[in-house]
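Asks: Need coordinates for the following:
(chains A and B)
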2 protein chains.
Amino acid sequence: MMIDHIGIAVDALDDAVKLYRRILKISKEEFAVSQDEKVKTALLWFDNGMLELLEPAGREGAVADFIKKRGPGIHHIAVSVDNLDDSLRKASENGFAVVPPGARRGIRGNRVAFIHPRSLKGVLLELCETTTQK
Amino acid sequence: MMIDHIGIAVDALDDAVKLYRRILKISKEEFAVSQDEKVKTALLWFDNGMLELLEPAGREGAVADFIKKRGPGIHHIAVSVDNLDDSLRKASENGFAVVPPGARRGIRGNRVAFIHPRSLKGVLLELCETTTQK
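Replies: Residues are numbered from 1 along each chain as shown, chains lettered A, B, ... in the order given. Purely as a prediction, here's the structure:
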């Protein structure tokens, strides 16, 4: 199992990217907007994974709510799985809360789902059906 | 540059490890106690990095303070650097707050230092002089 990325909620994407460039050696940068997730994103790649910076694209959405409540900071961890449907079924059988109940399309077009922090001691865990590629 | 690990503050280490075993495929587990950091730790290894679960070993310390303030959850991100002294000097020159001011020994005996969340938009970043090994 691979750690795919770490999601970080930011209040100003461009400023955040400039800041990370000054402290980390980034291999590659990708930018995208997700209407579904209501976020603007920057993917900052490293040799073995990436940071996914997330800026709310408006006042609504999970990331906007997170920042309102806790301020900018680390938002979620994502791991890659071979078969998301299998993983979600096992997670549900083991008592983990899957949100939303089924898979959806993530920012990179891959199928993703989340384990709610209430069933993982405060940690929001994303399961993504993808392999980590540079 | 490699992502080394993700630090997660937990209130009960054994329970947390059991929980993570039920949702993730862990390659290897290591356990340690750090008197300096006032934490009990479990390192949960994956194919490309690890989760570092941190339980306060008492009522004091940075992790105990974090849990008191925000509850259990994702605590920090760590990246590996080739030369910590060089990295810290550059970080300071670029205006990042290094805490403590110099390097210290981390849980695995390697040299580490932290960038304070106030200079990285709410993210606590650990720089560790090590390579990611399984």
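Asks: Summarise which helices and strands the least confident helix or strand in chain A by mean pLDDT is packed against.
Replies: Within chain A, confidence by mean pLDDT, DSSP states H and E is lowest for strand A:98-105 among all helices and strands, at a mean of 84. Contacting strand A:98-105 under the criterion 3 or more CB pairs under 8 Å, 6 or more residues apart in numbering or on different chains; DSSP states H and E are the following elements: helix A:84-93, strand A:111-115. Where you see a C-beta, it was placed from the backbone N, CA and C, and this is true even at glycine.
Asks: buried stuff in that strand?
Replies: For strand A:98-105, burial by neighbour count (16 or more other CB atoms under 10 Å in any protein chain shown) applies to A:98, A:103.
Asks: again, but for stretch A:70-90
Replies: Those would be A:72-81, A:84, A:87-88, for stretch A:70-90 by 16+ other CB under 10 Å.
Asks: Just the ones of those residues in helices?
Replies: Among those, DSSP state H puts A:84, A:87, A:88 in helices.
Asks: so which of those comes closest to chain B?
Replies: Here the nearest of those to chain B, counting by CB to the nearest CB, is residue A:87; it sits at 8.5 Å.
Asks: right, and that closest one touches residue A:81 too?
Replies: Yes: with contact defined as CB atoms under 8 Å, residue A:87 counts as touching residue A:81 (4.3 Å).
Asks: between those two, what contacts are shared?
Replies: Jointly contacting residue A:87 and residue A:81 under the rule CB atoms under 8 Å, 6 or more residues apart in numbering or on different chains are residue A:127.
Asks: what's near enough to touch the nearest residue to residue A:121 once chain neighbours are set aside?
Replies: Closest residue to residue A:121 apart from its sequence neighbours, by CB to CB, 6 or more residues apart in numbering or on different chains: residue B:72 at 4.6 Å. Counting by CB under 8 Å, 6+ apart, residue B:72 touches A:121, A:122, A:123, B:8, B:9, B:10, B:11, B:16.
Asks: could you show me where the strands are in chain A, in order?
Replies: Assigned by DSSP state E, the strands in chain A fall at A:2-9, A:28-34, A:39-46, A:49-56, A:73-80, A:98-105, A:111-115, A:125-129.
Asks: lowest-confidence stretch among those?
Replies: Lowest mean pLDDT of the strands of chain A: strand A:98-105, a mean of 84.
Asks: just the angle between that strand and strand A:125-129, please?
Replies: Here the directions of strand A:98-105 and strand A:125-129 differ by 30 degrees (axes from the mean of the first three to the mean of the last three CA atoms, to 10 degrees).
Asks: in its sheet, what does strand A:98-105 sit against?
Replies: Note on strand A:98-105: by DSSP bridges, its sheet partners are strand A:111-115 (antiparallel).
Asks: For residue A:49, list each beta-bridge partner.
Replies: Counting by DSSP bridges, residue A:49 forms beta bridges with residue A:46.
Asks: Give me the number of neighbouring residues for it.
Replies: 22 (other CB atoms under 10 Å in any protein chain shown).
Asks: now, among the contacts of residue B:72, which is nearest to residue B:109?
Replies: residue B:8 (20.6 Å; CB to CB).
Asks: Beta-bridge partners for the closest one, please?
Replies: According to DSSP bridges, the residues that bridge with residue B:8 are residue B:53, residue B:74.
Asks: burial count for it?
Replies: 26.
Asks: Ok, residue A:110 next?
Replies: Counted with other CB under 10 Å, residues neighbouring residue A:110 total 15.
Asks: Spatially nearest residue to it, not counting backbone neighbours?
Replies: Using CB to CB, 6+ apart, the closest residue to residue A:110 is residue A:130 (4.1 Å).
Asks: just checking, that neighbour touches residue A:4?
Replies: Yes: at 6.7 Å, residue A:130 and residue A:4 qualify as touching, with contact defined as CB under 8 Å.
Asks: Mutual contacts of the two, please.
Replies: residue A:80.
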